[in-house]
Every structure is written in C-alpha cells, then in structure tokens.
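*Asks:* I would like to see how this sequence folds:
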Amino acid sequence: MVQKAEKIWLDGKFVNWDEANVHILTHTLHYGVGVFEGIRCYQCHDGSSAVFCLNEHVERLFDSAHILQLNIPFSQSEIAQAIQDTLRVNGQKESYIRPIVFIGDGVMGVHPQNNPIRVAIITWPWGAYLGEEGLAKGIRVKISSFTRHHVNIMMTKAKACGNYVNSVLAKREAVQDGYDEAILLDPEGYVCEASGENIFIVKRGILKTPPLTSILPGITRRCVLTIARDLKIPVVEERFSRDELYIADEAFFSGTAAELTPIREVDNRAVGQGSPGPITQAIRSIFFDAIRGKSKKYKHWLSYVSKKATS
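*Replies:* Here you go, the predicted model:
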C-alpha cells in the first residue's frame with residue numbers, strides 16, 4: 001500500500017490526500033491519454049534533501065505532453081517549484097514523486113475536445129522498487145511474450161499513461177511465472193527494455209545498451225552512460241538479441257524506481273557468475289554516492305530542497 005502523505009498538489013493548490021479526487025468521467029481514466037514522471041528525492045549524507053535530476057524530469061514531462069498535444073497550464077519552473085513545495089509541505093526528507101498530467105471530465109468519446117488539462121503532484125515513501133535483496137544480489141527476469149511498442153503505433157518517446165498497459169501485461173506475466181521482472185523485445189525481435197526500466201549488458205568489458213530508436217529516453221540511463229564514460233569503460237549503443245543477453249558477463253536495469261538493479265538470471269540462465277559483476281558494481285557505487293550528495297563531480301544532478309518556499 002502507498003503510504004499516505006498529508007497533501008497532494010492539484011491544479012495549483014494543496015488539498016488533503018483523501019480529498020484529491022477526480023470525476024468518474026475523467027477522460028484519461030477512460031482513454032489513457034495522459035503523461036507522468038517518476039522522480040526521487042533522496043536524503044543526502046549531510047542530512048539535506050535533494051531531488052535527483054529534477055529539471056531533466058520536468059523537461060521530459062513537458063516533452064511527453066507536447067507529443068500528445070496536452071497543453072500544461074503551468075510553466076516548467078512552476079512545476080519544478082511545486083514539486084519542491086510538495087515535499088516541504090509533507091515534511092518528507094526522502095520520497096518518490098509522481099507528477100501526472102491528465103485530461104479532465106467534460107465531453108466523452110475518443111476526441112477530448114476542450115476538456116481541461118489537469119496536473120497533480122503526489123509524493124510518498126518508496127524503497128527499492130525491485131526489493132532490497134534484488135538491489136543487492138540481482139533479480140530473476142524473463143523475456144516477455146508481449147512485444148514492446150512499434151514507434152508508429154504508440155509514441156515511444158512519451159511517458160504516456162496508456163503505454164503502460166503493455167508494461168502491466170508483461171509484469172503480471174513475469175511475476176505469475178515466478179520471476180521478478182520482464183524484458184520486452186521490440187517488433188523486430190531485439191531486446192528493447194523492461195516493463196519500467198532500461199537495460200544494460202556487459203561483454204568482455206564493453207557496456208552495451210539499446211539505442212533510443214524505440215525506447216523511452218531514460219534519465220537514469222543517461223547518468224549511467226555518463227558515469228561509464230568517465231570511468232573510461234567502452235560504451236556501445238546498439239541493438240542486441242536475447243541470446244546475446246543470455247551470454248552476457250553482466251546485466252543490469254536502470255531507472256528512477258529501480259535505480260541500478262543487477263540481473264542475475266534470464267529465462268533460467270545465469271548471467272555471468274549469477275551475481276553483480278565488477279562493472280555493474282563500479283557504476284552503481286558511483287551512482288549511489290552521487291544521489292546521496294557524496295560526489296562533487298555529479299553535484300549538478302541534484303536540486304536541493306530549501307527549507308522555505310521561494311517567493
């Protein structure tokens with residue numbers, strides 16, 4: 001269960017958690033046209049709090065909305081400030097943050113016409129998305145029977161609500177079959193991404209990840225690539241097949257919720273030694289130092305939450 005916070009930011013105002021309701025004819029509820037972000041605020045080593053890649057996430061929210069022709073009635077700076085204000089009002093030192101843009105009630109039917117565009121920001125505590133043990137030791141995954149979106153069927157660069165029906169089906173299938181997560185292939189049969197994460201593999205010291213052709217441009221993915229290049233690890237962005245994944249020396253997921261989670265097994269085949277490998281561990285160590293404010297090199301990834309709202 002999601003742990004309740006005191007307030008939710010809804011259309012520019014704070015409302016009590018239990019009063020943040022929408023009408024049953026809310027258009028997005030019926031047709032799935034909405035966009036959202038997943039963001040994390042971390043408590044840093046010095047006791048301060050900082051939002052990881054706040055501006056990048058807000059920018060992607062607006063990009064997603066633009067793709068779906070949703071005109072957000074607030075500026076990017078207003079949304080970024082509202083996120084910080086919501087954390088402050090709820091007294092949260094560490095939290096998961098979910099901004100969502102959706103089409104309100106009015107007309108029904110596929111065309112939303114002039115229904116209002118609404119925005120909410122919800123914050124709640126959320127630990128390791130794929131489990132603390134999985135984060136430390138690695139998880140078991142399966143190749144899904146469901147295919148990821150084609151670029152001209154769904155808008156793959158938008159973090160759109162409706163896109164995640166595909167993810168829900170894949171995740172349910174994987175969990176019901178005894179796995180922790182699902183990996184989806186693209187329409188041509190190459191490894192694409194997981195239900196909510198980007199994927200990386202390592203073979204002979206080279207880090208490889210699928211290109212941005214048909215995947216969501218992950219913000220944590222971008223940070224992983226930066227760290228790898230700073231470590232002088234060779235990086236390749238190209239497609240690879242499921243059997244190349246089977247014989248990888250290492251593999252891991254990246255994402256705001258999943259952070260950096262190692263993959264120890266795919267389709268009952270151990271990945272490498274069946275435990276987090278040295279490159280995975282090196283990148284993960286630097287990443288976790290960065291999000292906790294321990295790394296001066298990556299301090300620009302953090303937006304510190306001030307104690308008082310700015311005027």
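*Asks:* need the three-state assignment for residue 98.
*Replies:* Residue 98 falls in the strand class when you classify it by DSSP: H, G, I helix; E, B strand; the rest coil.
*Asks:* over to residue 107?
*Replies:* Under three-state DSSP, residue 107 comes out as coil.
*Asks:* and the closest residue to it other than its chain neighbours, what element?
*Replies:* Closest residue in space to residue 107, ignoring its immediate chain neighbours: residue 113 at 4.8 Å, by C-beta to C-beta, 6 or more residues apart in numbering. All C-beta atoms are positioned from the backbone trio N, CA, C, and that covers glycine. In the assignment (DSSP states H and E), residue 113 maps to no helix and no strand.
*Asks:* shouldn't residue 113 be in contact with residue 106?
*Replies:* Yes - assessed by C-beta atoms under 8 Å, residue 113 is found in contact with residue 106 at 7.0 Å.
*Asks:* more neighbours: the two, which one.
*Replies:* Between residue 113 and residue 106, counting by other C-beta atoms under 10 Å, residue 106 is the more crowded of the two (14 against 10).
*Asks:* give me phi/psi at the more buried one?
*Replies:* phi 160, psi -110 (degrees, to the nearest 10).
*Asks:* so it makes contact with residue 27?
*Replies:* Yes - using C-beta under 8 Å, residue 106 is in contact with residue 27, at 7.1 Å.
*Asks:* anything in contact with each of those two?
*Replies:* Shared contacts of residue 106 and residue 27, defined by C-beta atoms under 8 Å, 6 or more residues apart in numbering, comprise 112, 115.
*Asks:* residues in contact with residue 288?
*Replies:* Residue 288 makes contacts with 259, 260, as judged by C-beta under 8 Å, 6+ apart.
*Asks:* which SSE is immediately downstream of the helix or strand it falls within?
*Replies:* In this structure, residue 288 is located in helix 278-291 according to DSSP H and E. Downstream of helix 278-291, the first helix or strand assigned by DSSP H and E is strand 302-304.
*Asks:* which strands or helices does that following strand pack on?
*Replies:* Judged by 3 or more C-beta pairs under 8 Å, 6 or more residues apart in numbering; DSSP states H and E, strand 302-304 is in contact with strand 49-52.
*Asks:* tell me the buried residues in the strand it packs on?
*Replies:* Using 16 or more other C-beta atoms under 10 Å as the burial criterion, the residues of strand 49-52 that qualify are 49, 50, 51, 52.
*Asks:* same thing with stretch 235-254?
*Replies:* 235, 239, 240, 245, 248, 249, 250, 251, 252, 253, 254.
*Asks:* ok, and the closest non-adjacent residue to the fifth one?
*Replies:* Looking back up the chat, that one is residue 248. Nearest non-adjacent residue to residue 248 (C-beta to C-beta, 6+ apart): residue 201, at 3.9 Å.
*Asks:* now do the third one
*Replies:* The spatially closest residue to residue 240, leaving aside those adjacent along the chain, is residue 191, at 5.6 Å (C-beta to C-beta, 6+ apart).
*Asks:* how far away is that neighbour from residue 61?
*Replies:* Applying C-beta to C-beta, to the nearest Å, the value for residue 191 to residue 61 is 27 Å.
*Asks:* ok, residue 15 next?
*Replies:* In this view, residue 15 and residue 61 are 20 Å apart by C-beta to C-beta.
*Asks:* between these two, who's got more neighbours?
*Replies:* The neighbour comparison of residue 15 against residue 61 (other C-beta under 10 Å) goes to residue 61, with 25 against 14.
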